[in-house]
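J.: Return a 3D structure for these sequence lines:
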Amino acid sequence: MSSERSFFSVMEEFGFFSHIYEKLPEDFTAIFEIARILEDELSPLSQKVGAALELPSIGGAKKAAGPEPEDRHRYSPAGDRYAADLITSYHDAPRVYPTQFLLPEEIFLQRLALRELWMPVVKSGVILPVDDTDQGFGFDSRKQKVYILFDTSRSMQAHHRIHLAKAILYIFLKQNKSELGHISLRTFDDQVGELHTAVDQASYEALMRFVLRITHLGEGTVLQKAILQALDDIQEMEHLSGAEILIITDGAVLLEEDLIRSKMDENIAINAIKIGHVEVYASEAQIADMVARGQIKDRILLDLQAQKADIEHQLRVTEGTARRHVLEQMLAGVRTQIGQRKVPFGHELQQLSNVYINIDDLTEAERFRADPETIGDLEVLAHALEEEAKEFLTPELTKKLAVLHDHVQFLQKYETDSSLKERLNTIDARLRNLLGQFLGSSEHVETNAPVETAVAPAQLPMSEEDVRDLRFLLEADHSLSRSWAILLHWLLKYARKFGSRFRKRSL
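T.: Residues are numbered from 1 along each chain as shown. Take a look at the predicted model:
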């Protein structure tokens, strides 16, 4: 399990120090804390989701009877080349090298019995392809292909489900990075998102940046539409043939299982991770439809549905006011009884999945509350920034300040121990002190911040891109202090000098 000291390196891997084109998600550093848990193979959460994250490779799949498939990465052109090899049968004895016959008869017969005699065999030259891919990621058409469906519905905002989903996907891609040949991904909420792919290092990093920075959460969960779109893509795109589908969602959605199965071939497998225990219950109209389809076996519910249909029929043919009043009361009573017998549905995804994992919602107070070791690591990081700031205040340093500040603010929200919370406040004060140095004015330095250096460090100029990135990083914090607000104001003025696109954006 990685420690807090790996914070900056992981944030760099997330791309949160560069390529920032829009405001970052709220509490984006929560992904780091959850990923730390998932990286620990002994943690209950990691062990539970492991079955879905470790998808089988092509080599582990079922093979049809017949000869071994040809290795596509080995080409054997015709040619007469000879190499020494051991005999495979006593019939090969006449073909052994002549020197073998000089052996004593006893040794010759012994080696013949053990098939240890050497003979020349014809072998074609073998040409192996040059692996010119980036280190850590190699495309191979025989490798596992995965099609990911990622839920971005509004309900994912509850209990940091979206951060948990992002952390799961990050760990999945990280663990399988060198094994996956083709990664496809679509988001879904009230609509199905565009297709994103990763086949090499650059596209992998782009995909990771896209997923981690998702901010828009839509209404609705069109899971069936997303699954059908994935199946159509796999069928229509030759390079996706044999891909497995990984679904990460929090929704219980009614699916037409027969329709989906009709579009699946025997090589397609679905693995699903469901976050939380949301249950969806059928409405009165849905119950009637399920009864008509024969999907409900509850005898009492079937009798109630029959009574309801009979009373509704009588109401249609009855004209007397008194009789209609009695029938309406009877119908209301039957409907009440039907409503009390809740019929859960939306379990078709579990039935469609080869691997189905249902994990609990995070308990934020437990997952995100810092312990003394965590705070000790944060103090080391803050001290390292102070040492770096003694000589130069660089754009990279200011971005680290912004990200670490956001992380400390995030941990403070869930810290319950007063002494540990005070240590977090002290770390944040030290960050504000460094900001005061960045602004070049002592009046902006927090008065209660411990000053470990009184030097005036050199300040390297910031490019327009640096200003843009830093503004987005700082704006991720929704509880800006006076120092941070001053810095944002300064950045806006700085950007105006270059005719920045942020001229019309307000703080």
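J.: show me the contacts for Glu205.
T.: Each residue near Glu205 by CB atoms under 8 Å, 6 or more residues apart in numbering is listed here: Gly15. In this view, the C-beta of every residue, glycine as well, is placed from N, C-alpha and C.
J.: Looks to me like it is in a helix.
T.: Yes. Assessed with DSSP: H, G, I helix; E, B strand; the rest coil, Glu205 lies in a helix.
J.: Quick check, pLDDT for it.
T.: In this model, Glu205 is scored at 84, pLDDT.
J.: just how off-centre is the one helix or strand Asn433 maps to within its chain?
T.: Applying DSSP states H and E as the criterion places Asn433 in helix 418-439. Distance of helix 418-439 from its chain centroid, counting by CA atoms, centre = their mean, to the nearest Å, is 32 Å.
J.: What mean pLDDT does that helix get?
T.: On average, helix 418-439 scores 84.
J.: helices or strands up against that helix?
T.: When contacts are defined as 3 or more CB pairs under 8 Å, 6 or more residues apart in numbering; DSSP states H and E, helix 418-439 sits against helix 372-389, strand 392-393, helix 395-412, helix 482-496.
J.: repeat that with 7 Å
T.: helix 372-389, helix 395-412, helix 482-496 (3 or more CB pairs under 7 Å, 6 or more residues apart in numbering; DSSP states H and E).
J.: For it, C-alpha coordinates in CSV please.
T.: Extracted C-alpha coordinates of helix 418-439, given in CSV (Å, rounded to 0.1, in the frame of the first residue of the first chain):
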residue,chain,number,x,y,z
SER,A,418,-8.6,17.5,17.6
SER,A,419,-4.8,17.1,17.9
LEU,A,420,-4.5,15.6,14.4
LYS,A,421,-6.7,18.3,13.0
GLU,A,422,-4.5,20.9,14.5
ARG,A,423,-1.5,19.3,12.8
LEU,A,424,-3.4,19.5,9.5
ASN,A,425,-4.1,23.2,10.1
THR,A,426,-0.4,23.8,10.8
ILE,A,427,0.5,22.1,7.5
ASP,A,428,-2.0,24.3,5.6
ALA,A,429,-0.6,27.4,7.4
ARG,A,430,2.9,26.5,6.1
LEU,A,431,1.5,26.2,2.6
ARG,A,432,-0.1,29.7,3.0
ASN,A,433,3.3,31.0,4.2
LEU,A,434,4.9,29.8,0.9
LEU,A,435,2.1,31.5,-1.0
GLY,A,436,3.0,34.7,0.7
GLN,A,437,6.5,34.4,-0.5
PHE,A,438,5.1,33.7,-4.0
LEU,A,439,3.1,36.9,-3.9
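J.: now that helix against helix 372-389, angle please.
T.: Compare the direction of helix 418-439 with that of helix 372-389 by axes from the mean of the first three to the mean of the last three CA atoms, to 10 degrees and you get 10 degrees.
J.: Next, the angle from helix 418-439 to helix 395-412.
T.: Using the same axes, to 10 degrees: helix 418-439 against helix 395-412 is 160 degrees.
J.: Strands along the chain, start to end?
T.: For the chain, the strands defined by DSSP state E occupy 82-86, 118-122, 144-151, 180-188, 196-198, 244-249, 270-275, 280-281, 344-345, 355-359, 392-393, 458-459.
J.: Least reliable of those by average pLDDT, please.
T.: Ranked by mean pLDDT, those bottom out at strand 458-459, with a mean of 52.
J.: what residue ranges in this structure score low on pLDDT?
T.: Residue ranges of the chain with pLDDT under 70: 1-2, 18-23, 54-82, 122-143, 178-180, 280-283, 295, 343-346, 435-507.
J.: now the spatially most central residue of it: how far from Ile183?
T.: Geometric centre of the chain, nearest residue: Leu169, 1.3 Å, by CA atoms, centre = their mean. With distances taken as CB to CB, to the nearest Å, Leu169 is found 10 Å from Ile183.
J.: same question, Ser353
T.: Ser353 sits 19 Å away from Ile183, going by CB to CB.
J.: more neighbours, the two?
T.: Ranked by neighbour count (other CB atoms under 10 Å), Ser353 and Ile183 place Ile183 first, with 23 against 19.
J.: who does the more buried one bridge with?
T.: Per DSSP bridges, the residues bridged to Ile183 are Val146, Ala198.
J.: So it sits against Val146, correct?
T.: Yes. Taking CB atoms under 7 Å as the definition, Ile183 is a contact partner of Val146 at 5.6 Å.
J.: what about Asp85, how many neighbours?
T.: Counted by other CB under 10 Å, the residues lying close to Asp85 total 13.
J.: if we look at the sheet, which residues does it bridge to?
T.: Beta-bridge partners of Asp85, counted by DSSP bridges, are Met119.
J.: Quick check: it vs Glu116, distance?
T.: For Asp85 relative to Glu116 (CB to CB), the value is 12 Å.
J.: And Leu301, by the same measure?
T.: On the measure of CB to CB, Leu301 and Glu116 end up 77 Å apart.
J.: ok, these two, which is more surrounded?
T.: Just comparing Leu301 and Glu116: by other CB under 10 Å the higher neighbour count belongs to Leu301, 17 against 12.
J.: residues touching that one, list them.
T.: Counting by CB atoms under 7 Å, 6 or more residues apart in numbering, Leu301 makes contact with Ile338, Arg341.
J.: now do Gln224
T.: Val253, Leu255, Glu256.
J.: try 10 Å
T.: Gln224 makes contact with Phe188, Val253, Leu254, Leu255, Glu256, Glu257, Leu259, Ile260, Glu348, Leu349, according to CB atoms under 10 Å, 6 or more residues apart in numbering.
J.: Would you mind giving the strands of the chain as JSON lines with distance to Ser3 added?
T.: Shown next, in JSON lines, are the strands of the chain (distance: least, CB to CB, whole Å):
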{"stretch": "strand 82-86", "distance to Ser3": "53"}
{"stretch": "strand 118-122", "distance to Ser3": "56"}
{"stretch": "strand 144-151", "distance to Ser3": "28"}
{"stretch": "strand 180-188", "distance to Ser3": "28"}
{"stretch": "strand 196-198", "distance to Ser3": "28"}
{"stretch": "strand 244-249", "distance to Ser3": "26"}
{"stretch": "strand 270-275", "distance to Ser3": "26"}
{"stretch": "strand 280-281", "distance to Ser3": "40"}
{"stretch": "strand 344-345", "distance to Ser3": "42"}
{"stretch": "strand 355-359", "distance to Ser3": "24"}
{"stretch": "strand 392-393", "distance to Ser3": "27"}
{"stretch": "strand 458-459", "distance to Ser3": "31"}
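J.: Done for today, thanks.
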